[in-house]
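A.B. asks: Next comes the sequence, and after it the predicted model I'd like to discuss.
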Amino acid sequence: MLAFTNAKEKQSPTIIGAGCKLTGDIKTDHTVQIHGNITGNVTAETVIIGRGGRVVGKITATNLFLHGSLDGPATVTTANIFSNAQMTGTLAYCTLNITGNTGLECKLAKRKDKKNE
């Protein structure tokens, strides 16, 4: 039997799989994992761009985990940039973590406020 509750349950992440091409904006209060290609803006609690994943557009998130490619601005609280990641645009962040060799060709802007707009 299927039971539904009104209690807040942990949401499953939104996953854009490898080989998937999406044009349009995504807005969620939860996690978005991107392994394919998005042309559009992504607003989420956490955005994970996997190896081979690419976003052409604006990212607004509390947490960004960049393993793939981002062409556009990002406004985040915490940015985690991993080895072989690529980014162009402006990265506005409160906390920045960089691991390994990355291809950052962007303007870095340290933010004092933690509110993402």
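C.D. replies: That came through fine.
A.B. asks: Direction included, what does the lowest-mean-pLDDT helix or strand in the chain pair up with?
C.D. replies: Sorting the helices and strands of the chain by mean pLDDT, DSSP states H and E puts strand 103-110 at the bottom, at a mean of 87. Taking DSSP bridges as the criterion, strand 103-110 pairs within the sheet with strand 86-93 (parallel).
A.B. asks: Next, the buried residues of the partner strand.
C.D. replies: Using 16 or more other Cβ atoms under 10 Å as the test for burial, strand 86-93 gives 86-89, 91-93. The way it works is simple: take the backbone N, C-alpha and C, and place the C-beta from them, glycine included.
A.B. asks: Give me the pLDDT value at the nearest residue to Met87 once chain neighbours are set aside.
C.D. replies: Nearest residue to Met87, sequence neighbours excluded (Cβ to Cβ, 6 or more residues apart in numbering): Leu70, at 4.6 Å. pLDDT recorded at Leu70 is 98.
A.B. asks: next SSE after the helix or strand where Leu70 lies?
C.D. replies: Applying DSSP states H and E as the criterion places Leu70 in strand 69-71. Sequence order places strand 74-81 as the next helix or strand after strand 69-71, per DSSP H and E.
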